[in-house]
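Q: what follows is a predicted protein model with its sequence.
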Amino acid sequence: MRIGHIQLANRLFAAPMAGVTDRPFRQLCKRLGAGYAVSEMVTSRKDLWTSLKTSRRADHEGEAAPIAVQIAGTDAAMMGEAAAYNVDRGAQIIDINMGCPAKKVCNKWAGSALMKDEALALEIVEAVVAACAPRNVPVTLKMRTGWCASEKNAVRLARAAESAGIAMVAVHGRTREQGYGGDAEYDTVAAVKRAVSIPVVANGDIDSPQKARTVFAATGADAIMIGRAAQGRPWIFREIAHFLDTGEEAEPPRVADVKAWLIEHLGDHYRLHGEFTGVRSARKHIGWTLRGLPGGEAFRAEMNAIDSCEAQIEAVAAWFDALAESAPTMPTAPGAPTAATH
Ligand SMILES: Cc1cc2nc3c(=O)[nH]c(=O)nc-3n(C[C@H](O)[C@H](O)[C@H](O)COP(=O)(O)O)c2cc1C
């Protein structure tokens, strides 16, 4: 699997998720089997590039290659500049966000709203490709199946994007109108795959190794992308890899391993976000990891009162040690993926 000239480790991708897939989480996904992980979206608004939030999003220190940065916006020239800016700061691949349902950029709806305005969408694609081509940086596109059920234009847009120089397209099998409701469908993803010769990535509701195999078969996609099911369960990538390789389900991870991964993740998370923000934003990752586990809910409530890194790590370690005494391997799979919060 390649994106332009860049070879990837495998065909299992972590989806970009604002507020979730920061560098520490991407690193963890890559360590546990993801071949590729895209950053959270970075705005094309220049005045925000030096803000703490955006500069943390653009932090790639020590990240395993390839470094892929997603940009979002509605103005072609600004998107071209944003691409160049991020390439200068280490991006090896630029991804254009046309898949996110509700993100306001420059007081206009960006992301998947662009699918309604194909002319503007293409103008943006052309500007970003023009900024990246001289730097030998491939540009990819993430989109939905269309605007609404009666306007599924993913195939037309993917073809036009390919002609404009896009190197890969990822398709979430829902329309913009659907938000995260209903089920993802894969017929449109399959139609996109048949229509273009660049790699196509299938995304939406892939939450188990079996589902991964089904989606590969249904779409003929070159890769699959997993978002919510990786929250609190980043080892899903290696479980899928094992299943696709052997046809057998992997053993659940040992509680001691999950504890070690989580504690390492927390350390990395605090280093990026600092103590005040880090302790608070880490709570969601801890909560996702405990989802569905006996006593997890009670611990979650307790943890919300902790506000130092040291105490958070200690509490997490003690909780997992107690769990390991009764169950050496992770007792149950976590519950359903959480809905998008934006
Ligand atoms: C919390 C959250 C944040 C997201 N942020 C982004 C984003 O910044 N850019 C984007 O293209 N998609 C974003 N998405 C959409 C995901 O990349 C993905 O397309 C969607 O969740 C469907 O995949 P899944 O069913 O595997 O979660 C986000 C989704 C979630 C749940």
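A: That came through, no problem. Fair warning: this is a prediction, and the values are worked out from it, not measured in the lab. Numbering: from 1, shown residues only.

Q: make sure G80 is actually in contact with V128.
A: Yes: G80 is within contact range of V128, at 5.7 Å (criterion: Cβ atoms under 8 Å). C-beta: built from backbone N, CA, C; applies to glycine.

Q: who's more crowded, these two?
A: Using other Cβ atoms under 10 Å as the criterion, G80 and V128 rank with V128 on top: 30 against 22.

Q: what bridges to Y36?
A: Beta bridges link Y36 to F13, judged by DSSP bridges.

Q: just the one 5 residues further on next, same as before
A: In this entry, M41 is beta-bridged to Q70, by DSSP bridges.

Q: number of nearby residues for it?
A: By other Cβ under 10 Å, neighbour count at M41 equals 27.

Q: show me where the stretch 201-342 of the chain dips below the pLDDT cut-off.
A: 332-342 (pLDDT under 70).

Q: find the closest residue to the ligand in it.
A: Nearest residue of the stretch 201-342 of the chain to the ligand, counting by Cβ to the nearest ligand atom: G227, 2.8 Å away.

Q: quick one: contacts for that residue?
A: The neighbourhood of G227, defined by Cβ atoms under 8 Å, 6 or more residues apart in numbering, consists of 14-17, 203, 337.

Q: wouldn't T289 be in contact with P234 here?
A: No: the criterion here is Cβ under 8 Å, and T289 misses it with P234 at 9.2 Å.

Q: neighbour count winner among the two?
A: P234 (29 against 23).

Q: what sits against that one?
A: 14, 25, 28-29, 32, 34, 261.

Q: where do the strands sit along the protein?
A: 2-3, 6-7, 12-14, 36-43, 68-72, 93-98, 104-105, 108-109, 139-146, 168-175, 200-203, 223-226 (DSSP state E).

Q: hang on, the earlier thing: quick one, phi/psi of the residue of the stretch 201-342 of the chain closest to the ligand?
A: phi -110, psi -90 (degrees, to the nearest 10).

Q: any idea how far it lies from N86?
A: 21 Å (Cβ to Cβ, to the nearest Å).

Q: now do the helices in the stretch 1-150 of the chain.
A: If DSSP state H, counting those that start in this stretch is used as the criterion, the helices of the stretch 1-150 of the chain fall at 23-31, 52-57, 76-88, 118-132.

Q: let me have these in a markdown table, extended by mean pLDDT and distance to the ligand.
A: Below are the helices of the stretch 1-150 of the chain laid out as a markdown table (pLDDT from 0 to 100; distance: least, Cβ to the nearest ligand atom, whole Å):
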| stretch | mean pLDDT | distance to the ligand |
| --- | --- | --- |
| helix 23-31 | 96 | 11 |
| helix 52-57 | 74 | 9 |
| helix 76-88 | 94 | 14 |
| helix 118-132 | 96 | 14 |
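
Q: what does the chain put close to the ligand?
A: 15-20, 40-41, 70, 97, 99-100, 142, 172, 203-206, 226-229, 337, 340-342 (Cβ under 6 Å from any ligand atom).

Q: of the residues you listed, buried ones?
A: 15-18, 20, 40-41, 70, 97, 99-100, 142, 172, 203-206, 226-229, 337, 340 (16 or more other Cβ atoms under 10 Å).

Q: residues in contact with G232?
A: 285, 287-291, 334.

Q: which residue sits closest to it, ignoring its sequence neighbours?
A: W288 (2.6 Å; Cβ to Cβ, 6 or more residues apart in numbering).

Q: give me the number of residues near the one you found?
A: Look at W288: counted by other Cβ under 10 Å, it has 22 neighbours.

Q: from memory it sits against A230, does it?
A: No: checked against Cβ under 8 Å, the pair W288 and A230 is beyond contact range at 9.2 Å.

Q: the longest helix seen in the chain vs helix 23-31, what angle?
A: Counting residues, the longest helix in the chain under DSSP state H turns out to be helix 255-290. Taking axes from the mean of the first three to the mean of the last three Cα atoms, to 10 degrees, helix 255-290 and helix 23-31 form an angle of 130 degrees between their directions.

Q: now do helix 255-290: distance to the chain's middle.
A: 18 Å (Cα atoms, centre = their mean, to the nearest Å).

Q: and for stretch 250-268?
A: Using Cα atoms, centre = their mean, the offset of stretch 250-268 from its chain centre is 20 Å.

Q: send me that stretch as PDB with only the CA atoms.
A: Output in PDB follows, covering the C-alpha atoms of stretch 250-268 (Å, rounded to 0.1, in the frame of the first residue of the first chain):
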ATOM      1  CA  ALA A 250      -6.200 -13.100  18.600                       C
ATOM      2  CA  GLU A 251      -6.100 -13.700  22.300                       C
ATOM      3  CA  PRO A 252      -7.400 -10.700  24.300                       C
ATOM      4  CA  PRO A 253      -4.500  -8.600  25.600                       C
ATOM      5  CA  ARG A 254      -3.100  -9.200  29.100                       C
ATOM      6  CA  VAL A 255      -4.400  -6.700  31.700                       C
ATOM      7  CA  ALA A 256      -0.700  -6.000  32.500                       C
ATOM      8  CA  ASP A 257       0.000  -5.000  28.900                       C
ATOM      9  CA  VAL A 258      -3.100  -2.700  28.700                       C
ATOM     10  CA  LYS A 259      -1.900  -1.100  32.000                       C
ATOM     11  CA  ALA A 260       1.600  -0.500  30.500                       C
ATOM     12  CA  TRP A 261       0.300   0.900  27.200                       C
ATOM     13  CA  LEU A 262      -2.100   3.200  29.000                       C
ATOM     14  CA  ILE A 263       0.500   4.500  31.500                       C
ATOM     15  CA  GLU A 264       3.000   5.100  28.700                       C
ATOM     16  CA  HIS A 265       0.300   6.900  26.700                       C
ATOM     17  CA  LEU A 266      -0.600   9.100  29.800                       C
ATOM     18  CA  GLY A 267       3.000  10.100  30.200                       C
ATOM     19  CA  ASP A 268       3.300  11.100  26.600                       C
END
